[in-house]
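J.: prediction below, plus the sequence it came from.
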Amino acid sequence: MPELPEVETLRRGLSGALEGRRIVEAELLKPKIYEGLPGYSLADIVGATITAARRRAKYLILDLSNGLSLVIHLSLAGQIVVICPNGKKVAGGHPVPSYGSELPHRQTSVILRFDDGSILYLTDIRQFAHLWLAPTTEVMSIVPHERLGVEILSPEFSEAELRERLRQRPKAKLKPLLLDQSILAGLGNIYVDESLWEAGIHPLRTAGSLTDQETRRLYHAIRSVIDLALRRGVAQIVNGRAVVGATLPRIHGREASLCPRCGQPIEKMRVVGRGTYICRSCQKPP
DNA sequence: AACTACTCCTGGAGGC
DNA sequence: TGCCTCCAGGAGTAGT
């Protein structure tokens, strides 16, 4: 499930591989994914050059030289693979190559071809991903900017900021609160579990029940988990299970494994319909 | 405000 | 082997 570190890692890869490249062909194999504004079609991007790869929360934004931007949300299982002419591959989103090595896959939604021979495949086995095309100046109306909370990779995400946001929703349980993109932008199911485990806080605790010290621990846990994901490779989950041997996640998807900190068994529970993994010894219930 | 339920969708796992 | 059911989940919306 692509979360912020996965999207950011992909963005960096696309930035290196595609900036300055001109689109020579755009193929829409699954029209359902496309939600372009009225008056625009994917054909409008042909001939334009990619000038920048940006990101807001889990939205990936490709700016084009003709004043338009492609906005992509990979949702649950979206994957982007770029095959360069020298054989180099830039891939991200849903773990690669879990769709097999054959591209296009039958769930490939979009294929973009570039002037240097590079080919971009956007594939999504769940068909939940979204693609928009809009003038660059209107991108923030597509990305629900006003409804997105603070970027967890930005300087604005401070301990004081987290404390203030928790203070505004004192009765909310931490797991759904941290999943709420209008509070913090970028965390998803995996990294919420990882952060709460790192901080030693149970997902059903309410925001208002945290002590100052726990809030500080949670803040540093979120930062360190995201930093680790960006430095050491993103979390690898396939079909809800942690990939054997992966550095991350350390607790999510590892039911019946042992807590890396205390050695007690990791337990699975359901919180707001989401598979949630905890160590009952490190994360005391409310 | 806070929560639940439902929707979109496909593929993999497990039961028999 | 093969058919069936269940489950995974980001985000939006509707209802309580």
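T.: In hand now; what should we look at?

J.: where does the closest residue to A:Ser257 other than its chain neighbours land on pLDDT?
T.: Closest residue in space to A:Ser257, ignoring its immediate chain neighbours: A:Ile266 at 5.3 Å, by CB to CB, 6 or more residues apart in numbering. Using the backbone N, CA and C atoms, a C-beta is placed for each residue, glycine as well. For A:Ile266, the pLDDT comes out at 91.

J.: just to check, A:Ile266 is in contact with A:Gly253?
T.: No: applying CB atoms under 8 Å, one finds A:Ile266 not in contact with A:Gly253, separated by 9.3 Å.

J.: neighbours of A:Pro144, how many?
T.: Per other CB atoms under 10 Å, the neighbour tally for A:Pro144 reads 14.

J.: thinking again about what came up before, now do the shared contacts for A:Ile266 and A:Gly253.
T.: Taking CB atoms under 8 Å, 6 or more residues apart in numbering as the criterion, A:Ile266 and A:Gly253 both touch A:Tyr277.

J.: sorry, back to before: now do the contacts for the residue nearest to A:Ser257.
T.: A:Ile251, A:Arg254, A:Glu255, A:Ala256, A:Ser257, A:Leu258, A:Cys259, A:Tyr277, A:Ile278, A:Cys279.

J.: residues in the stretch 101-250 of chain A within reach of DNA strand C, list them.
T.: The stretch 101-250 of chain A has residues A:Arg126, A:Phe128, A:Pro144, A:Arg147, A:Leu179, A:Gln181, A:Gly188, A:Asn189, A:Ile190, A:Asn239, A:Gly240 near DNA strand C, with proximity defined as CB under 7 Å from any atom of the strand.

J.: give me the subset of those residues that lies in helices.
T.: Counting by DSSP state H, those place A:Leu179, A:Asn189, A:Ile190 in helices.

J.: those into a markdown table, with extra columns for pLDDT?
T.: Output for these, formatted as a markdown table (pLDDT from 0 to 100):
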| residue | pLDDT |
| --- | --- |
| A:Leu179 | 93 |
| A:Asn189 | 91 |
| A:Ile190 | 90 |
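
J.: export those to a markdown table and tack on neighbour count and distance to DNA strand B?
T.: Putting those into a markdown table (neighbours: other CB atoms under 10 Å; distance: CB to the nearest atom of the strand, whole Å) gives the following:
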| residue | neighbour count | distance to DNA strand B |
| --- | --- | --- |
| A:Leu179 | 18 | 10 |
| A:Asn189 | 24 | 13 |
| A:Ile190 | 27 | 17 |
